[in-house]
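Q: Quick one, what's the 3D model for this:
(chains A and B)
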Amino acid sequence: MIKLIQLILIIPIFSAIICSGLSYFNQKVSKNLNIFFAFITLCISTFLIIEITHSDNLSFVFAGFLEPFGIKFLFSKENAFLVLLINLIGFLFSLFLFDFLTHNKHQAPYFYALSNLFLVANVGLVLSQDLFNIYVFIELGGICSYALLAFKGSSASFSALRYLLAGSVAATFFLLGIALFYALSGSLTLESNLSLIETNLSNFLVLSASLFCFTALLLKAGVFPLHFWLPVAYGATHPLVAILVASIATKIAIYLLVSCFGGVINVLLASKFIAFSIEAILSFTIIYALTRAYFEKGISYIVAYIIVAEIAYIMGGIVIGNPDSIFASSYHLIADSLITAFAFSLIYLISGKGRDVYVSDLKGVLSNSLIQFIFWVYLAACFIGLPLTPSFITKIYLIKGALISKHYLFLISLLVGSLIITALFFRILFYATKETTIRREATYSNYATRLGIYCLFVLIIIYSFIPSLIPLNIFIK
Amino acid sequence: MEILSNSIFQILLLTILCSYLPFLLKQSTLLFKSLIILVPFIIFCLFFKQFFLQENLEILNLVKFLPGLEFAFKVDKFGKNFAFMVLFLWFFTSIYALGYLEKKHDEKQQRFFCFFTLSVFSTLGVAFASNLFTLYCFYEFLSLSTIPLVMHNGDKLAINGGRKYITYLLGTSILFALPSVIISLLNSNSLAFNSSGIFSLTTSSSLITLVAILSFFGYAKAAIFPFHGWLPGAMVAPTPVSAMLHAVAVVKVGIFSQYRIITGVIGIERFSELAFFGFELSYIFCLIASLAIIYASIVAIGADNFKRRLAFSTISKLNYMILAMYLVIPAGLFASQLELFTHALSKIVLFFVAGAIYAHVGLTKISDLKGIAYKMPITIFCFFICALSICGLPPGVGFYAKLFLVKAIFTKKYLILILPILFSAILSSYYLLDIVLKALSRVKEADKDQKISEAPILCLFPIVTLTIVCIFLFIYPSILFNFIK
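A: Predicted coordinates for the structure are as follows:
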């Protein structure tokens, strides 16, 4: 089983090297091979998740490196879902890439390398039990995502630059935090440093180190008001890239933030004033981000602002802090990832050759493609939180949690947010039902892309049916 | 395996699978037509065999999401009767729709029948739902699956009508019905319908009142005033859609949902105790319904468009059902169910007639119908009989519904509510029989000798058959009473 876990990390690295190299000689084989590797990784993840439910958590040292510089990994019942999610998105991305690279052959090496390394970095972040490794994986994932986000050129390059700057600041903060931790505990393992946080957080140096790391991850996760890079980075980039990056990067950052530095949140929440301020900020974020989304014209920007609000939902669940709300956050972390991927894949489908997509581009979706219309309606239902969508479960538990813990401000923002997004839903629906005489631009979508979208659609529906299988608290490292 | 052998599952699965069948065949072929008629017939026979001949009252727990939140079905008396009515009328509407669409040379028949079947599937889902969550899901699915049907013509009028339809139905269900589901879920152990209600005795009355108010306005498919505007707007849909969905399935699903809220979610006894600012909640709802009855009857008189007049008539009669139901007494619930079945049977014929005239001679305005009775005598005669039924006059079966409604009002002693019923009865007699009189009036002497030319047989057959059923049930009302009791 340990070997299989190691394979999850090794196969994408191999895929990055082999497929990139091979694409110079034989495009067809490299494309198929990329899908094959992604599929194998997905199968292993699926197998492992079944296995881990019947056994204990698995901890192992990679390549024999021991403390304090050891590369230690932990595969648990909680993080197994995230590993599966990352590999699932990776596999679906390889399907989208199949059609895209048919028309962009020269981009193949670039995409194979960056996408696979991005996946490795994120799986590494989830499994890693070592602060320095986390830093390395943050950097690796960051570099890959900067390059991917800038791929479209022009405005996307500028947005990626903002992301790069934010990422660099975050990395610096994180490195400073690690240095302090190492100085304090003499170890880089998460275990020893987490116990240090738990026992000595009142110590100024421990608190400083924690806050450095905490702020870095807040920035990476795009939590308001440190979200400034997020709407422009995801809104301006190619929707194909957003399928991969937007659905994984921020979610994993939130996971790290809560699982590694949840203790900091608890300390902050001990003060009533700070706790109320955080709740107020999160409530404001939901209304602000959704209002911005409502007034945006570009669909990618709309989705990007919705992501900002969704992050606030997840963080809200953590801040409320009772079992119901924590389950809501755990469940929504995965749900939001799938929904984001679905949203960007639909945008990709109508983006032609990667041009910006506006709400007005949805005109005639109903008359042109009924299936696409159904997908858009379902996506909107997901954002609202209607029954048979995962967001419904999330909202039920968030409302329940907020009611139990008397977080009425957050509850009100949740309801107001739902109203705003309902209005947005009608706006989109009206455009989709409009008639249009404009002929649609040719897209890169073919069977593989459509298969990917259908898979995502079905997966989201299935996910909405299986909340009982999801761990009650996924934020355990 | 246990699930597969479940009758509810079989019927729901068969219906949803059959929705894809039209796409497998080329439209207008004999096989296509045969299939369109056979599918409802087979499903109806299967349903009849399983639930009427064998008295099968099964339960199906399909998916359990979380404690208290599950996808579950159950066949009870009202649900069974409701499903029977929908499947019975679906068969006739399919025959009619074939004739209508062929006559109109419609090229999107495959899509039409696909969504038509999906709508029936959703309606069955509502009928079989054993808890509020399942009911709500199918209620929403029905709204979504009927959007392409309302917008079927694809012109500006159809799109505007469709948008109005979406706004009203999805808007109210998201804003009112969904919060009521969530509040119910958070304040009860289970959402499963229960005759004494799902709330415990300790649940505060104000919370239950809130659920009742949200549910009342949330299930706007019942043309609840002031959210009734979608119904006249949706009349841009092809006539078979208006007939089946907007006179039978969709609007009756609204009524059915309201019925479930009273009897299964809140409970009759608890509901009659609810008050809002010192007034009985049921009385307030009855007054709102009365207001809608009067309003819709007045507007119907002024409507010259045939389907629009029928739409306002439907709003008026739906509010009869709401009024009867919110009397919150067994007699009222019985009258409401009686009105539901008789109205469906009679109103569908009126819509069929409107569509047959449009498809055959291209007339949509009532003022243009002068002399049409001499050209289409059977059609107009059937219209006359069913119009009498809607007005509550013999020999239409609707007579009994009005009789029991008045009786229920007397039982409850809300005597003031007799006035809108009387007022509406006079107005509906005027605006429906006015159509018959117009059809009988002659523009010129030559009309007297014009050749009889009825609508295609596929359109005429359902009109005549259902009219016969309407008269038959008037003569033998005990069949209907036993059916409901």
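Q: Kindly export the helix or strand encompassing residue A:205 (C-alpha atoms) in PDB.
A: Using DSSP states H and E, residue A:205 falls within helix A:204-221. The C-alpha trace of helix A:204-221 is given here as PDB (Å, rounded to 0.1, in the frame of the first residue of the first chain):
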ATOM      1  CA  PHE A 204       5.500  35.600  21.300                       C
ATOM      2  CA  LEU A 205       8.000  33.800  19.000                       C
ATOM      3  CA  VAL A 206       5.700  30.800  18.500                       C
ATOM      4  CA  LEU A 207       2.800  33.100  17.900                       C
ATOM      5  CA  SER A 208       4.900  35.100  15.400                       C
ATOM      6  CA  ALA A 209       6.000  32.000  13.600                       C
ATOM      7  CA  SER A 210       2.400  30.800  13.400                       C
ATOM      8  CA  LEU A 211       1.100  34.100  12.200                       C
ATOM      9  CA  PHE A 212       3.700  34.300   9.500                       C
ATOM     10  CA  CYS A 213       2.700  30.900   8.200                       C
ATOM     11  CA  PHE A 214      -1.000  31.600   8.800                       C
ATOM     12  CA  THR A 215      -0.900  34.900   6.800                       C
ATOM     13  CA  ALA A 216       1.000  33.200   4.000                       C
ATOM     14  CA  LEU A 217      -1.700  30.600   3.700                       C
ATOM     15  CA  LEU A 218      -4.500  33.200   4.000                       C
ATOM     16  CA  LEU A 219      -2.900  34.900   1.000                       C
ATOM     17  CA  LYS A 220      -2.600  31.600  -1.000                       C
ATOM     18  CA  ALA A 221      -6.200  30.700  -0.100                       C
END
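Q: ok, then the element right after it?
A: On the C-terminal side of helix A:204-221, the closest following helix or strand by DSSP H and E is helix A:229-236.
Q: Identify each buried residue in the next helix-or-strand element following that following helix, please.
A: Counting by DSSP H and E, the element after helix A:229-236 in chain order, helix or strand, is helix A:239-270. Residues A:239-265, A:267, A:269 are the ones in helix A:239-270 that count as buried (16 or more other C-beta atoms under 10 Å in any protein chain shown). Just so you know, the C-beta spots here come from the backbone N, C-alpha and C atoms, and that holds for glycine as well.
Q: ok so, going back, in the helix holding residue A:205, what counts as buried?
A: Neighbour count says helix A:204-221 has A:206-207, A:209-221 buried, by 16+ other C-beta under 10 Å.
Q: wait, which of these is closest to chain B?
A: For the buried residues of helix A:204-221, the residue nearest chain B by C-beta to the nearest C-beta is residue A:221; the value is 27.3 Å.
Q: By proximity to chain A, which residue of the stretch 101-250 of chain B wins?
A: Of all residues in the stretch 101-250 of chain B, the one sitting closest to chain A is residue B:137 (4.8 Å; C-beta to the nearest C-beta).
Q: nearest spatial neighbour of that residue, skipping sequence neighbours?
A: Distances taken as C-beta to C-beta, 6 or more residues apart in numbering or on different chains place residue A:387 nearest to residue B:137, at 4.8 Å, with adjacent residues excluded.
Q: wait, what's in contact with the closest residue to residue A:359 other than its chain neighbours?
A: Nearest residue to residue A:359 in three dimensions, chain neighbours excluded: residue A:431, at 5.4 Å (C-beta to C-beta, 6+ apart). Neighbouring residues of residue A:431 by C-beta atoms under 8 Å, 6 or more residues apart in numbering or on different chains: A:359-360, A:362-363, A:365.
Q: ok, residue A:431 to residue A:361 distance?
A: Distance of residue A:431 to residue A:361, given as C-beta to C-beta, to the nearest Å: 8 Å.
Q: Which other helices and strands does the one helix or strand in chain B whose mean pLDDT sits lowest contact?
A: When each helix and strand of chain B is scored by mean pLDDT, DSSP states H and E, strand B:59-66 comes last, with a mean of 76. Strand B:59-66 is packed against helix A:447-465, helix B:7-18, strand B:69-74, with contacts defined by 3 or more C-beta pairs under 8 Å, 6 or more residues apart in numbering or on different chains; DSSP states H and E.
Q: hmm, 7 Å instead?
A: Applying 3 or more C-beta pairs under 7 Å, 6 or more residues apart in numbering or on different chains; DSSP states H and E, we find strand B:59-66 packed against strand B:69-74.
Q: The buried residues of helix A:239-270: which ones sit near chain B?
A: On the criterion C-beta under 7 Å from any C-beta of the partner chain, none of the entries of those sits beside chain B.
Q: Residues in contact with stretch B:6-20: which ones?
A: The contact list for stretch B:6-20 (C-beta atoms under 7 Å, 6 or more residues apart in numbering or on different chains) reads B:3, B:39, B:43, B:46-47, B:50-51, B:56, B:58, B:60, B:73, B:75, B:114, B:117-118, B:120-121, B:124-125, B:128.
Q: Likewise for stretch A:405-425?
A: Under C-beta under 7 Å, 6+ apart, the answer for stretch A:405-425 is A:279-280, A:282-283, A:286-287, A:290-291, A:293-294, A:309, A:316, A:320-322, A:380, A:383-385, A:395, A:398-399, A:402-403, B:174.
Q: ChimeraX command for the buried members of those residues?
A: In ChimeraX, a selection of the buried entries from the contacts of stretch A:405-425 looks like this (16+ other C-beta under 10 Å):
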select /A:279,282,283,286,287,290,291,293,309,316,320,321,322,380,383,384,385,395,398,399,402,403 /B:174
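Q: Select from the contacts of stretch A:405-425 every entry located in strands.
A: Among these, the subset assigned to strands under DSSP state E is empty.
Q: among the contacts of stretch A:405-425, which are in helices?
A: A:279-280, A:282-283, A:286-287, A:290-291, A:293-294, A:309, A:316, A:320, A:380, A:383-384, A:395, A:398-399, A:402-403 (DSSP state H).
Q: My guess is residue A:226 contacts residue A:220. True?
A: No - taking contacts as C-beta atoms under 7 Å, residue A:226 lies outside contact range of residue A:220: 8.8 Å.
Q: Now for residue B:266, how many residues are close by?
A: For residue B:266, the count of nearby residues is 27 (other C-beta atoms under 10 Å in any protein chain shown).
Q: My error: substitute residue A:79 in the last question.
A: Neighbours of residue A:79 under the rule other C-beta under 10 Å: 24.
Q: before we move on, back to that, quickly note the distance from the residue of the stretch 101-250 of chain B closest to chain A to residue A:386.
A: Counting by C-beta to C-beta - residue B:137 and residue A:386 are separated by 9 Å.
Q: Between those two, which is the more surrounded one?
A: More crowded of residue B:137 and residue A:386, by other C-beta under 10 Å: residue A:386, with 25 against 21.
Q: List the contacts of the more buried one.
A: Going by C-beta under 7 Å, 6+ apart, residue A:386 touches A:392, B:140, B:178.
Q: redo that, cut-off 8 Å
A: Contact analysis of residue A:386 by C-beta under 8 Å, 6+ apart lists A:392, B:140, B:174, B:178.
Q: quick one on the thing from earlier: in helices, which of the contacts of stretch B:6-20 fall?
A: Per DSSP H, the contacts of stretch B:6-20 map to helices at B:39, B:43, B:46-47, B:114, B:117-118, B:120-121, B:124-125, B:128.
Q: which secondary element of chain A has the worst mean pLDDT?
A: Counting by mean pLDDT, DSSP H and E, the weakest-scoring helix or strand in chain A turns out to be helix A:365-368, with a mean of 73.
Q: still on that earlier bit, wait, the residue nearest to residue B:137 touches residue B:134, no?
A: No - between residue A:387 and residue B:134 there is no contact under C-beta atoms under 8 Å: 9.1 Å.
Q: and residue B:190, helix, strand or coil?
A: coil (DSSP: H, G, I helix; E, B strand; the rest coil).
Q: The ones in helices among the contacts of stretch A:405-425 also near chain B: which ones?
A: Subset of those in contact with chain B: A:384, A:395, A:399, A:403, counting by C-beta under 8 Å from any C-beta of the partner chain.
Q: what stretches of chain A score poorly on pLDDT?
A: For chain A, residues meeting the criterion pLDDT under 70 lie at A:63-70, A:352-354, A:435-445.
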